[in-house]
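>>> Generate a structure from the sequence data that follows.
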Amino acid sequence: MTSKTREPFVPGGYREVFQVAWPLIVSMGSFTLMTFADRIFLARYSTTAIQAAVPSGILVFCLCCGFMALASYASTFVSQYYGAREFPLCGVATAQGVLLALITWPLLIILIPFGRWLLAISGHAPAVLEMELTYFTILMWGAGSIALGAAIAGFFTGLGDTRTTMITNVLGNGLNIVLDYVMIFGKWGCPEMGIAGAAVATVIAGFVSPLILLGLYFSRRYLEVFQTRSTFRYNHRIFWRVVRFGLPSGIHLSLDIASFTMFVILTGRLDPTELAASNIALSINTLAFMPLIGLGIAASILVGQYIGRSQPEHAEKAAWNAWQMGMLYMLLTGITFVLFPEFYYALFVNRSTSGIPLSDLVPIGRMLLLILPVWGIMDVSNLVIGHALKGAGDTDYVMYYSVGAAWLLLVPGQLLIVNVLHGSIVHSWMWTAFFIAVLGVGYLFRFRKGRWKTIDLMGRHTPPIEPARGGAEALAAD
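Numbering: from 1, shown residues only. Modelled structure (predicted):
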């Protein structure tokens, strides 16, 4: 009789990817649920509210995401320093990310008039525009929590501790759902605030996770090994290396989302039924989109850690396994979009209101949900392989390729479809799906070429495999 032995650990294998990814997927799933609930509440409050929330919400993210990506790129340094066992430098890198987040918060507030102007020239109906301006302005005042949360969460995710960020994100997103219900509809003694209530709820709940994580970061648990308190200061060398590699990541994400925002704003010029159907389909897409981001972040973490250990072969294996898991997830999710379009759209339509009836939305929505699985399968490469490239420091390529494709392909095509050819929302979605396919092919080609394996993110010609105390020496040299 032989005893049962445990399956041996395989570096970069499915089990390791899943162990890192599942808390991130749960975390992103909680954000998806929160966004889904927010959109359902607003759709049931009024058709105008859901028409206003999607473009203005995406515009907020468009203006914030570059700063978020810049501050959060410190997490890539954390993962590589952790892989190289340079533990104090993990704290140094995190401090630079937090400082960048705090520096950029006032810049977000300065951008409020610019964002209001963009909405004003979008050509949306006056009632929709009024709600868009309200929702956008409130969210932008509290948008500093986005970069701050990404920066401090990067410390824990860089270490591979994705469960801690999962718990704090679930708490924050859960609070957001409760506050949405209370503030939108005026429950439990709170005045009815409509779309303004949804924005205030998001701002309040947005600070829950970063504040909890900051408290944990400075606790005794991380004090001795990572020197989180003594390293919490400006470090010239690492600050500018974070900016050097993080800025292309920020520019890439900002201009990429800006191009997608153009798509959303342009569709706002279509008839109300097509606009409502498109905005609901985009809300449904969060079911597929956010968990894939969790897999992408997991790929980035593992690629960074294995590059720090000078083991690019394991980094490559982890990225491909994460990609395969994403493809399987998207395939299964896409099947439900194709089979149950009425179910998804019924979640957003309140039959007791005088808004657009479900029977008018479903025929258009069915066509969009047929495109959505194709769109999502193509997006797996963008979200997983793109994150893997950034985890290795290949941010220049990701920036140049994605920005070029977005502004030379997606935006001109959408302008042509909407303003010249006067195409339908289905044509706009098909062109966007084609653009996503072009992005995915470019990322896959770059990853297979292997150029990312030679990038020296940490500023060393030959990164040490297992230095025990290099961090203290680097701190002293600053």
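
>>> What residues does Thr168 make contact with?
Ala153, Val208, Ser209, Ile212, Leu213 (Cβ atoms under 8 Å, 6 or more residues apart in numbering). For the C-beta atoms, the positions are set from N, CA and C on the backbone; glycine is no exception.

>>> Pick the one among those residues closest to Met325.
Each of these was scored against Met325 by Cβ to Cβ, and Ala153 proved nearest at 21.7 Å.

>>> Report the secondary structure element holding the closest one.
helix 144-158 (DSSP states H and E).

>>> same check, this time on Val200
helix 195-206.

>>> what angle do that helix and helix 144-158 make?
40 degrees (axes from the mean of the first three to the mean of the last three Cα atoms, to 10 degrees).

>>> following helix 195-206, which helix or strand shows up next?
helix 208-217.

>>> mind listing the helices for the stretch 1-150 of the chain?
14-45, 47-72, 74-83, 87-110, 112-120, 126-141, 144-158 (DSSP state H, counting those that start in this stretch).

>>> closest one to Asn279 among these?
Per Cβ to Cβ, nearest to Asn279 of the helices of the stretch 1-150 of the chain: helix 47-72, 4.1 Å.

>>> buried stuff in the closest one?
Under the neighbour-count criterion of 16 or more other Cβ atoms under 10 Å, helix 47-72 has 47-72 buried.

>>> that older thread, could you dump the helices of the stretch 1-150 of the chain into CSV with distance to Ala288 added?
Output for those, formatted as CSV (distance: least, Cβ to Cβ, whole Å):
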stretch, distance to Ala288
helix 14-45, 9
helix 47-72, 16
helix 74-83, 24
helix 87-110, 28
helix 112-120, 27
helix 126-141, 24
helix 144-158, 21
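
>>> Can you say which of those is packed in most?
Mean neighbour count (mean count of other Cβ atoms under 10 Å) peaks for helix 74-83 among the helices of the stretch 1-150 of the chain, with a mean of 29.

>>> tell me which strands and helices that one is in contact with?
In terms of contacts (3 or more Cβ pairs under 8 Å, 6 or more residues apart in numbering; DSSP states H and E), helix 74-83 is packed against helix 87-110, helix 144-158, helix 236-267, helix 272-308, helix 386-391.

>>> contacts for stretch 287-297?
Contacts of stretch 287-297 from elsewhere in the structure, counted by Cβ under 8 Å, 6+ apart, are 17, 21, 24-29, 31-32, 35-36, 157, 322, 325-326, 329-330, 333-334, 337, 372, 376, 379-380, 383-384, 386-388.

>>> can you check stretch 248-259 too?
Counting by Cβ under 8 Å, 6+ apart, 58, 61-63, 65-70, 73, 390, 395-396, 398-399, 402-403, 406-407, 410-411 sit against stretch 248-259.

>>> One more: stretch 364-375?
273-274, 277-278, 280-281, 284-285, 288, 330-331, 333-335, 337-338, 341, 344-345, 425-426, 429-430, 432-433, 436.

>>> which of the residues in it are buried?
Counting neighbours by 16+ other Cβ under 10 Å, one finds that the buried residues in stretch 364-375 are Ile364, Gly365, Arg366, Met367, Leu368, Leu369, Leu370, Ile371, Leu372, Pro373, Val374, Trp375.

>>> what about the chain, any weak spots by pLDDT?
1-9, 264-271, 350-355, 459-478 (pLDDT under 70).

>>> Mind doing that once more with 50?
For the chain, the stretches flagged by pLDDT under 50 are 1-5, 351-354, 462-478.

>>> Nearest the geometric middle of it, what residue?
By Cα atoms, centre = their mean, the chain has its centre lying nearest to Ile293, at 6.1 Å.

>>> ok and the helix or strand that contains Thr165 relative to helix 272-308, angle-wise?
Thr165 is part of helix 162-185 when elements are defined by DSSP H and E. Angle of helix 162-185 versus helix 272-308, following the same axes, to 10 degrees, is 160 degrees.

>>> Apart from its neighbours in sequence, what residue is nearest Leu118?
Excluding its sequence neighbours, the residue lying closest to Leu118 (Cβ to Cβ, 6 or more residues apart in numbering) is Leu59, at 6.6 Å.

>>> same thing with Leu347?
Nearest to Leu347 is Ile40, by Cβ to Cβ, 6+ apart, at 5.7 Å.

>>> right, and that neighbour touches Tyr345 too?
No. Using Cβ atoms under 8 Å, Ile40 is not in contact with Tyr345, being 11.2 Å away.

>>> Just list the residues touching the residue nearest to Leu118, thanks.
Contact partners of Leu59, counting by Cβ under 8 Å, 6+ apart, are Gly115, Leu118, Leu119, Phe136, Thr261, Ile265.

>>> Closest one of those to Gly194?
Phe136 (14.4 Å).

>>> What's the separation between Pro248 and Asp396?
5 Å (Cβ to Cβ, to the nearest Å).

>>> of these two, who's got more company?
Pro248 (23 against 16; other Cβ atoms under 10 Å).

>>> What about Leu111, how many residues nearby?
By other Cβ under 10 Å, 17 other residues sit near Leu111.

>>> whoops, I mixed them up, Val338
12.

>>> ok, it - contacts?
So Val338 contacts Leu369, Leu370, Pro373 (Cβ under 8 Å, 6+ apart).

>>> Now do the contacts for the closest residue to Leu216 other than its chain neighbours.
Spatial nearest neighbour of Leu216, chain neighbours left out: Thr164 (6.7 Å); criterion: Cβ to Cβ, 6+ apart. Counting by Cβ under 8 Å, 6+ apart, Thr164 makes contact with Phe156, Leu213, Leu216.
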